[in-house]
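Participant: Need a 3D model of the sequence below.
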Amino acid sequence: MSGFLKKRKIEISFKRYFIDALGAMAMGLFASLLIGTIFGTIYDKTGIQFFATMKEYAVAAQGPAMAIAVAAALEAPPLVLLSMCAVGYGANSLGGPLGVFCAVVVATELGKLFYKTTKVDIIVTPTVVIASGTAITLLTGPWIAKIMTAAGKLIMTCTELQPFLMGILVSVLVGIALTLPISSAAICATLGLVGLAGGAATAGCCAQMVGFAVMSFKENGFGGIIAQGLGTSMLQMGNIMKNPRIWIPPIIVSAITGPVATCLFKMENGIAVASGMGTCGLVGPIGVLASQNMDSSRMIGMGLICFVLPAVLTPVVAHPLRKLRWIKPGDLKLDL
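Facilitator: Residues are numbered from 1 along each chain as shown. Modelled structure (predicted):
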């Protein structure tokens, strides 16, 4: 059985489904909903109709984009991959991002089982994929949407009622998820995390990315600033596994910037997927810009929370840990 599954490129593992596939889903969201929202923001500022049209097309494609991204991460063959357009469209309309994920995983693995097993593969494979994806969508999509919407609303309501405590909690947890080899962007998108909770999530992600970038400047130089500050703090996971103490400063800073965002500056993010992206491609700050009418005080607040405070506070928090030899020279070195 294991040999058969391997031949069909079916790998039943946590990494395959919840790291590779979930991370790919976030990229599908980025290439559709998020970039479309950015086009919409440009249209709002310039009034150029072309950007509004691009937004309309990009946002409409989010279901298929997520589905194709997940199926590609699962190594779907071409016919299975292309059949995901229909699955993604339907699953997103009923179950949202998590509904797409569930339907596509099942449909992809079944599609790979049937791929090129008959002489009428061009009919059988798309039928299996679309039928199984539609069945999963109809059975689970509405329930998934209700559960995830309720969970997201609960988090956002709690953040509104208890901005200090929830600012810390959301900022720390989403920031940790960003650095772990899972997709914080996909988690935020699935929960629909916007508003103050989205602002706290953005603060936590920025604290991780900018914090690690600045804290490791001595080892990694400007290349490390760009790779971690505009790329991902996930690059440090190997070093974290060797010495978990290097994670303490960014986590502490995220616990500081989270409530600063929620209580002091009332920072909001209006794009759920952007709430979990941090400074990756400056997506987090762009989500903040798109969600609020930015006056000078809000611009200052966003700059402080997303860039200045993580850059200043993380080395300060790390200093006593270096004195204690909890963080030693070379602990943050990356192979760039």
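Participant: Low-confidence stretches in the stretch 1-150 of the chain?
Facilitator: By pLDDT under 70, the stretch 1-150 of the chain has no low-scoring segment.
Participant: what about the helices in it?
Facilitator: Secondary structure of the stretch 1-150 of the chain, counting by DSSP state H, counting those that start in this stretch: helices at 2-7, 14, 22-29, 35-46, 49-60, 62-73, 78-114, 121-161.
Participant: And for the stretch 151-300 of the chain?
Facilitator: So, for the stretch 151-300 of the chain - with DSSP H, counting those that start in this stretch - the helices run 163-179, 184-191, 195-215, 217-226, 237-242, 248-259, 272-275, 283-291, 296-303.
Participant: Of those, which is nearest Phe39?
Facilitator: helix 283-291 (10.4 Å; Cβ to Cβ). Placement of C-beta: from N, CA and C, glycine included.
Participant: Could you list the residues in contact with that closest one?
Facilitator: 30, 34, 37-38, 40-41, 194, 198-199, 202, 205-206, 267-271, 274-275, 277-279, 294, 302, 306 (Cβ atoms under 8 Å, 6 or more residues apart in numbering).
Participant: run the last query once more with 7 Å
Facilitator: 34, 37-38, 41, 199, 202, 205-206, 267-271, 274-275, 277-279, 302, 306 (Cβ atoms under 7 Å, 6 or more residues apart in numbering).
Participant: Repeat that for stretch 6-25.
Facilitator: Contacts of stretch 6-25 (Cβ under 7 Å, 6+ apart): 66, 69-70, 72-75, 97, 101, 105, 109, 112-113, 181-183, 186.
Participant: likewise stretch 28-36?
Facilitator: Residues beyond stretch 28-36 that count as contacts (Cβ under 7 Å, 6+ apart) turn out to be 55, 58-59, 61-62, 65-66, 68-69, 97, 185, 189, 271, 273-274, 283.
Participant: Of those, which is the nearest to Leu324?
Facilitator: Closest to Leu324, out of all of the contacts of stretch 28-36 and judged by Cβ to Cβ, is Ala185, at 34.4 Å.
Participant: If you tally nearby residues, what's the number for the closest one?
Facilitator: 32 (other Cβ atoms under 10 Å).
Participant: tell me the contacts of it?
Facilitator: Applying Cβ under 7 Å, 6+ apart, the residues near Ala185 are 26, 29, 273, 276-277.
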